[in-house]
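Q: I would like to see how this sequence folds:
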Amino acid sequence: MDKLLVICGPTATGKTSLSLDLAKRYGGELISADSRQIYEGMDIGTGKDLTKDSKFHAVKCKSNIRNINFGYYSIEGVHIWGYDLISPRNEFNVVQYLDIARKVIRDIWGRSKLPILVGGTGLYIKAVIDGIETAGIKPDRILRKSLSGKSPNELFEILAGVDPLKAASMNISDKKNPRRLVRAIEVVNTKAKEKVKVKAANIKDVLYIGLKTRNDIMFKKIEYRVYQRLRSGFEEEVLGLIGGGVGWDNQSMQSLGYRQYRDYYEKKVPKEEFIKNWISEEEKYAKRQITWFKKDKRIRWFDISRQVWKSEVEKSVKNWYINSNDQKS
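A: Purely as a prediction, here's the structure:
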């Protein structure tokens, strides 16, 4: 078959719900492309929408990546891969994600099923489809040691000196994140020495479906989801993670919602301000997602505020999936 369906777009546009419907219709399985849903125990804040009786089904897999949980959840009879890949105490990167996604896609193809890559982390999707130059750059221990102890401002000045364009493209969150700044310097330093590229997953036939809507509609959906997650036990989830040994400086706790909760936990802001900050950061993230995906001209966009949007998506997928199969047979 060697086909891949991609469902992408900003947060709160109903990507997973649509993907589940399409998976049921075409015998598909989902692969989450969400950099926040990879962590165990971070279910409510990342929107995994798992039920209390949801069970992780572990699958044996040969991999060079240590401490990876390879397996799937079953939601409405559909397998969803890419959740709970790693402990929230460990770090994770796009190289690891690409390795896992390749294995899952091949496994799904091997069972004559349709892999559906769904999510809003554009870097993950790009890595799977196109490969990514920076993905294969290994950590430079000597460089990292020389940069340890430097403040975010100092690291940003170093980056600006070696790659002004990269520095200019970083958002406020990136500029305050020492780990991202060090990695950016590391990538620039290595690329200056050699060209590094990790190959894509060798997918011959891809259909990109993008979901979008007006900002005012999207922002209302984001606000609703934040309050829904709070009602569903988000605070208890965070406290459980902290009580289980996850630190505020762990990579996982930089995720939206969890990062904002820290100020409330440490009594720096009242609860109302924490919630307001969380909603605001989710809105900013959605805008960045839109900017990323708009650059990819292969995506067919569908506005979820239109009544006929879902039937139009289903028609596009049917034409791609069934008609192209008929042509090959």
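Q: just checking, what packs against the strand or helix carrying residue 221?
A: Per DSSP states H and E, residue 221 falls inside helix 215-231. If you count contacts as 3 or more Cβ pairs under 8 Å, 6 or more residues apart in numbering; DSSP states H and E, helix 215-231 packs onto helix 271-294. No exception for glycine: its C-beta is placed from N, CA and C like everyone else's.
Q: the helix it packs on: how far from the chain's middle?
A: 15 Å (Cα atoms, centre = their mean, to the nearest Å).
Q: buried sites along that helix?
A: Neighbour-count burial for helix 271-294, counted by 16 or more other Cβ atoms under 10 Å, picks out 274-275, 277-279, 281-283, 285-286, 289-290, 292-293.
Q: picking up where we left off before, give me the mean pLDDT for the helix holding residue 221.
A: Averaging pLDDT along helix 215-231 gives 98.
Q: could you give the angle of it to helix 271-294?
A: 130 degrees (axes from the mean of the first three to the mean of the last three Cα atoms, to 10 degrees).
Q: and after helix 215-231, which helix or strand comes next?
A: Criterion used, DSSP H and E; the element after helix 215-231 is helix 234-243.
Q: and the biggest strand by length in the chain, what other elements does it pack with?
A: Taking DSSP state E as the criterion, the chain has its longest strand at strand 205-212. If you count contacts as 3+ Cβ pairs under 8 Å, 6+ apart, strand 205-212 packs onto strand 3-8, helix 15-26, strand 300-303, helix 309-318.
Q: what comes into contact with the second one?
A: Right, helix 15-26. Residues outside helix 15-26 that contact it (Cβ atoms under 8 Å, 6 or more residues apart in numbering): 5, 7-9, 28-30, 47, 49, 75-78, 114, 116, 118-120, 209, 211, 310, 313-314, 317, 321.
Q: kindly recompute the last result at 6 Å.
A: Counting by Cβ atoms under 6 Å, 6 or more residues apart in numbering, the neighbours of helix 15-26 from elsewhere in the structure are 7, 30, 76, 78, 114, 116, 118, 211, 317, 321.
Q: could you give the bridge partners of the fourth one?
A: Residue 78 has the following beta-bridge partners by DSSP bridges: residue 75.
Q: which of the helices and strands packed on strand 205-212 sits most buried?
A: strand 3-8 (a mean of 24; mean count of other Cβ atoms under 10 Å).
Q: adjacent strands (with direction) for that one?
A: strand 114-119 (parallel), strand 205-212 (parallel).
Q: which of those strands sits closest to residue 258?
A: Evaluated over these, closeness to residue 258 peaks at strand 114-119, with 18.1 Å, by Cβ to Cβ.
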